[in-house]
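Undergrad: For reference, the sequence and a predicted model appear below.
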Amino acid sequence: MEHEFWHERWAKDQTGFHEGTVNQYLHDHWPELAGNGTDAVFVPLCGKAHDMWWLHDRGHPIIGVELSEIACKDFFEEAREKASVHPGEPFTTFRHDDLQIWCGDYFQLVPDDLKHIRLVYDRAALIALPPEMRKGYVDHLTAIIPDDTRILLITLDYDSSEMQGPPFNVTDDEVFRLYGEDYEINHVLKRDMARDNPFAKRRGLRNGATESVFTLVKK
């Protein structure tokens, strides 16, 4: 998927992947991953997810990375918060206190950028990518985050003949294939999404879908 695909989706407001609320699985499972600490959190392919405000309100410094400048601006404007904008290469940085969104290409991040990160939240990064891009995404994540970093990963699986992503279907087996070598993996939840779920109905998933929650620790 080329950059232009995502720029066009945001320009045309074709953002059905944007939840508009705090994700329930984040609310339910973050405490078991992060405890009572306030470690820094990395949010890859973050869009304008409200989840970042929820994490920030709990004391976590945040770095999100997002390709679309529209999403970066909307994130702050919709919350009626001001951000300072710092143009640069390869990222333009939007900052509000210790919440930052780096506007640019995820694959331009280097380990020094995230050396202070201890937690990662991925609700919409892995499932935003088609199968041929996922290994590259995971390999790069592994290369840029420190050892012992903990990840909350949320995935979606469905009959791909019924819907064209994004979000794409990612099976539980694929998660273990992608992360198994470099991470300790705990599959903490698997839940059916009924076919009368609003998302399933809107996207024509007659057989419904399955959502999974994983916690991972980089070895």
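TA: It's in.
Undergrad: Give me the number of neighbouring residues for residue 38.
TA: The tally of other residues near residue 38 (other C-beta atoms under 10 Å) stands at 15. Using the backbone N, CA and C atoms, a C-beta is placed for each residue, glycine as well.
Undergrad: how far away is it from residue 174?
TA: 32 Å (C-beta to C-beta, to the nearest Å).
Undergrad: just so I have it, where are all the helices in the protein?
TA: Listed from the start of the chain, the chain has helices (DSSP state H) covering 3-11, 24-34, 51-57, 69-78, 131-144, 172-179, 198-202.
Undergrad: How about the contacts made by residue 79?
TA: residue 53 (C-beta atoms under 8 Å, 6 or more residues apart in numbering).
Undergrad: Oops, could you answer that again for residue 93 instead?
TA: By C-beta under 8 Å, 6+ apart, the neighbours of residue 93 are 85, 86, 100, 101, 102, 103.
Undergrad: If we use 6 Å, what do you get?
TA: Under the criterion of C-beta atoms under 6 Å, 6 or more residues apart in numbering, the neighbours of residue 93 are 86, 100, 102.
Undergrad: can you list the residues you listed in JSON lines and add pLDDT, neighbour count and distance to residue 170?
TA: Compiled in JSON lines, these are given as follows (pLDDT from 0 to 100; neighbours: other C-beta atoms under 10 Å; distance: C-beta to C-beta, whole Å):
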{"residue": "86", "pLDDT": "97", "neighbour count": "12", "distance to residue 170": "34"}
{"residue": "100", "pLDDT": "98", "neighbour count": "19", "distance to residue 170": "27"}
{"residue": "102", "pLDDT": "98", "neighbour count": "24", "distance to residue 170": "25"}
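Undergrad: Quick check: beta-bridge partners of the residue most central in space within the chain?
TA: Taking C-alpha atoms, centre = their mean, the centroid of the chain lies closest to residue 122, which sits 3.3 Å from it. Here residue 122 shows beta-bridge partners residue 153, assigned using DSSP bridges.
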